[in-house]
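Enquirer: 3D, please:
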Amino acid sequence: MAKRLPPGIGEDLDVPLYFNPYQDEFQKARRLRHCLSCKTTGSMNMMSQFTCPTCGIAHTSNLTAPRVFNNFLLLAGRGGGKTLIGAHAVREEMMVPNSIGWVMGPTYKILHDSTFPTLIRLIPPQWVENWDQEHMELRLTNGALVAFRSLEDPERARGPHGISWGWFDEAAQSPQRAYHVFQPTLIKAGGIVIATTTVLGFDWTYDEMERKALIHKEPGYWACRYWTEENPLFKQNPVMMAAIEAKRRTMPPDFFAQEYRAERRNATGLIYGKYFPKILVRGAGIKRFIPEYPDIDSSRQAIIGLDAGSDHPFGATLSIVTEPGIITVQEYLKRQVANSMHIDNIRYEFQPQRFTNVLWAANKNEAALRLEAALKGVGIMPAESKHEVGIQRVQSWCHSNQYFIYEDNCPKTAAQFQAYRYADNYTPDGTKKKNEDVHKIDDELPDTVRYGLMAFPSLPNAAIAIDEAAANRLAAMSDRDRQELEQMRKFTQKKTDGDRELQPTDAGFPLGDFHGASRADDFGEDGPVIGGRGNYVEDFW
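Expert: Alright, predicted model coming up:
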């Protein structure tokens, strides 16, 4: 009886895989293993075999030579080749005899239309012992088992213990719970997870994998991001590159950035995203705000914002009031410590005693924190706790180009600000909730800034920030045009801010300056200023 083969088996065996530096680095990282016998790190070959380069032991188990990385995330634009490189990676993994691997897609359709055929076409028919169509399981001649699962129901990720690898294709579209359900199955075999996806805003892969790999540098996590046009197949074809460029010109910028460049743009939720990267200060840029940095002048106003909580880390930021604006220069983020100890830690790290004017601020509902701080000699100003009010205040400072983050000292603050977003504010039946809430994960440091700015007794300069294009148009105007524009702006502002009925005691009653002002500031030495309002209409011209 002839063995049963899956449809399309081996069809792409002769199709070359063009070099992509991101994909190449992924494969190198995936092959790295660490020999526990001699504490040496080496690399598997392309058949997933590992012999320690130092002691010569041939390891057949991840338990004696564990992977250097066991969580991989590849973010790429549409058509970037992420599914293809994922398939090449797991084809190597299935060469391990008697291993078990799971290939998972967010829906059966995606699994059937994309993930399954991409992998199956790379497998030589002679590798196959049997294909079980009913259970979607492929048994190889080396005893390895590959199972295909769709994750509409996240509980379908609940497999047997001892799985060696799991591949989440289009992971952002899969439920986060499926990732959590699947993880315990890897423990027995020291297995790995590979996630390939185009981003969907700040989806679960950001919190679970990307942030851990690229921001916090947690051991075992690896991630990369590359653009659609970096697919080597597209780069060598001018027609394909022209099509991508056409999309760049015609699509909404945020959508193009998400779909073609794997950038996390959340159309429904990013709160401060549009202010990045202009609110970030790096390197010597801090001297523009604090020329004497790092020895900050004691006369400068300091703001310390606090965000307490027993179920999340305790956050604090130190911001300095300067001429160009307020800049956050230090951060603090720790958990499972008593409030009183946090106050001592913050005092030690921020050294607020060096300033003559320090404002401490926290949520007005944190009465216990204020009491414990008072016993330490620290007075905390209660700040408005409503998110919608505080967010508007922070946005006002950002919009007026008067709030900044010194990223060199505050990388977590910068990361949390950039990811700070509204939560899914719809109920399961599709009804919109009355109040729009924020995503309550990694929000501690933005909250500290919010409390600090709410308690600070000044508002940002109301000058309207203009974008680069508008600034260029303004610079191209003649002096007269700019003067007239400024005069019109002042007049409009006056009408907006000061419209009221004149009283008999007011100057100019009853007509006001309807026929033109006669104030001294509208005249130069030789008569009316260009664009000014003279006593007669013809004076303007």
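Enquirer: ok, H439 to D132 distance?
Expert: H439 is 41 Å from D132, where distance means Cβ to Cβ, to the nearest Å. Using the backbone N, CA and C atoms, a C-beta is placed for each residue, glycine as well.
Enquirer: the two: which is more packed in?
Expert: The neighbour count for H439 versus D132, taken as other Cβ atoms under 10 Å, is higher for H439 (17 against 13).
Enquirer: the more buried one contacts A423, doesn't it?
Expert: Yes: at 4.5 Å, H439 and A423 qualify as touching, with contact defined as Cβ atoms under 8 Å.
Enquirer: C-alpha coordinates for the helix or strand harbouring A89, CSV please?
Expert: Assigned by DSSP states H and E, A89 belongs to helix 82-93. Extracted in CSV, the C-alpha atoms of helix 82-93 (Å, rounded to 0.1, in the frame of the first residue of the first chain):
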residue,chain,number,x,y,z
LYS,A,82,8.6,35.8,7.4
THR,A,83,6.4,32.7,6.8
LEU,A,84,9.0,31.4,4.3
ILE,A,85,11.9,31.7,6.7
GLY,A,86,9.8,30.3,9.5
ALA,A,87,9.2,27.2,7.3
HIS,A,88,12.9,26.8,6.6
ALA,A,89,13.6,27.0,10.3
VAL,A,90,11.1,24.4,11.4
ARG,A,91,12.2,22.1,8.5
GLU,A,92,15.6,22.0,10.2
GLU,A,93,13.9,21.4,13.6
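Enquirer: so what's the residue nearest the centre of the chain up against?
Expert: Central residue of the chain (Cα atoms, centre = their mean): A419, 4.1 Å from the mean position. A419 makes contact with 202, 206, 211, 264, 442 under the criterion Cβ atoms under 8 Å, 6 or more residues apart in numbering.
Enquirer: what's the farthest-apart pair in these?
Expert: R264 and D442 (13.3 Å; Cβ to Cβ).
Enquirer: of the contacts of A419, just the buried ones, ChimeraX syntax please.
Expert: For the buried members of the contacts of A419, the matching ChimeraX selection, counting by 16 or more other Cβ atoms under 10 Å, is:
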select :202,206,211,264,442
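Enquirer: Throw the contacts of A419 into JSON lines and include pLDDT and distance to M95, thanks.
Expert: Below are the contacts of A419 laid out as JSON lines (pLDDT from 0 to 100; distance: Cβ to Cβ, whole Å):
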{"residue": "F202", "pLDDT": "78", "distance to M95": "36"}
{"residue": "Y206", "pLDDT": "89", "distance to M95": "32"}
{"residue": "R211", "pLDDT": "87", "distance to M95": "32"}
{"residue": "R264", "pLDDT": "81", "distance to M95": "35"}
{"residue": "D442", "pLDDT": "77", "distance to M95": "39"}
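Enquirer: right, and out of the contacts of A419, which lies closest to W167?
Expert: For the contacts of A419, the nearest to W167 is Y206 (19.1 Å; Cβ to Cβ).
Enquirer: so is L122 in a helix, a strand, or just coil?
Expert: Three-state call for L122 (DSSP: H, G, I helix; E, B strand; the rest coil): coil.
Enquirer: relative to the helix or strand following the helix holding A89, what are the paired strands and their orientations?
Expert: Remark: after helix 82-93, the chain's next helix or strand is strand 100-105, criterion DSSP H and E. Partners of strand 100-105 in the sheet, by DSSP bridges, are strand 145-150 (parallel), strand 165-169 (parallel).
Enquirer: just give the nearest non-adjacent residue to P184, would you?
Expert: Closest residue in space to P184, ignoring its immediate chain neighbours: H161 at 7.5 Å, by Cβ to Cβ, 6 or more residues apart in numbering.
Enquirer: so what touches the strand or helix carrying L371?
Expert: L371 belongs to helix 367-375 when assigned by DSSP H and E. By Cβ under 8 Å, 6+ apart, the surrounding residues in contact with helix 367-375 are 306, 308, 339-340, 343, 360, 362, 379-380, 382.
Enquirer: now the next helix or strand after it, how far from the centre of its chain.
Expert: Sequence-wise, the next helix or strand downstream of helix 367-375 (DSSP H and E) is strand 380-383. On the basis of Cα atoms, centre = their mean, to the nearest Å, strand 380-383 is displaced by 29 Å from the centre of the chain it belongs to.
Enquirer: quick one: end-to-end distance for stretch 389-407.
Expert: End-to-end distance of stretch 389-407 (Cα to Cα, to the nearest Å): 25 Å.
Enquirer: scratch that, stretch 137-152
Expert: 18 Å.
Enquirer: buried set for it?
Expert: Using 16+ other Cβ under 10 Å as the test for burial, stretch 137-152 gives 137-140, 144-151.
Enquirer: on that earlier part again, what's the most distant pair in the contacts of helix 367-375?
Expert: Farthest-apart pair in the contacts of helix 367-375 is S340 and P382; separation 18.5 Å (Cβ to Cβ).
Enquirer: which one of these two has more residues nearby?
Expert: Just comparing S340 and P382: by other Cβ under 10 Å the higher neighbour count belongs to P382, 17 against 13.
Enquirer: how about that one, nearest residue that isn't a chain neighbour?
Expert: Closest residue to P382 apart from its sequence neighbours, by Cβ to Cβ, 6+ apart: K364 at 3.6 Å.
Enquirer: still on that earlier bit, show me which of the contacts of helix 367-375 is closest to N62.
Expert: Closest approach to N62 among these (Cβ to Cβ): A308, at 41.5 Å.
Enquirer: L359 versus that closest one, what's the distance?
Expert: Taking Cβ to Cβ as the measure, A308 falls 17 Å from L359.
Enquirer: neighbour count winner among the two?
Expert: Using other Cβ under 10 Å as the criterion, A308 and L359 rank with A308 on top: 24 against 20.
Enquirer: ramachandran angles for the more buried one?
Expert: phi -90, psi 160 (degrees, to the nearest 10).
Enquirer: with V181 instead?
Expert: The phi/psi pair for V181 (degrees, to the nearest 10) is phi -70, psi -40.
Enquirer: local confidence estimate at it?
Expert: Listed pLDDT for V181 reads 95.
Enquirer: again, but for Y420
Expert: If you check Y420, the pLDDT there is 84.
Enquirer: now A246
Expert: So, for A246, pLDDT stands at 93.
Enquirer: what about it, helix or strand, and which?
Expert: helix 238-250.
Enquirer: what residues of that helix count as buried?
Expert: Buried residues in helix 238-250, defined by neighbour count with 16+ other Cβ under 10 Å: 240, 244.
Enquirer: where does pLDDT dip in the protein?
Expert: Confidence mapping of the chain against pLDDT under 70 gives the ranges 1-2, 265-269, 310-311, 424-435, 462-472, 491-541.
Enquirer: how's it carved up into domains?
Expert: Listed by automatic domain parsing, the domain ranges of the chain are 21-234, 280-423+436-455, 468-540.
Enquirer: out of these, nearest to Y272?
Expert: Nearest to Y272, of those and by Cβ to Cβ, is domain 280-423+436-455 at 5.2 Å.
Enquirer: for the stretch 201-350 of the chain, just list every one of the helices.
Expert: Using DSSP state H, counting those that start in this stretch, the helices found in the stretch 201-350 of the chain span residues 204-205, 232-235, 238-250, 253-261, 286-289, 339-350.
Enquirer: got it, and the stretch 51-200 of the chain?
Expert: Using DSSP H, counting those that start in this stretch, helices in the stretch 51-200 of the chain cover 82-93, 108-110, 116-120, 176-182.
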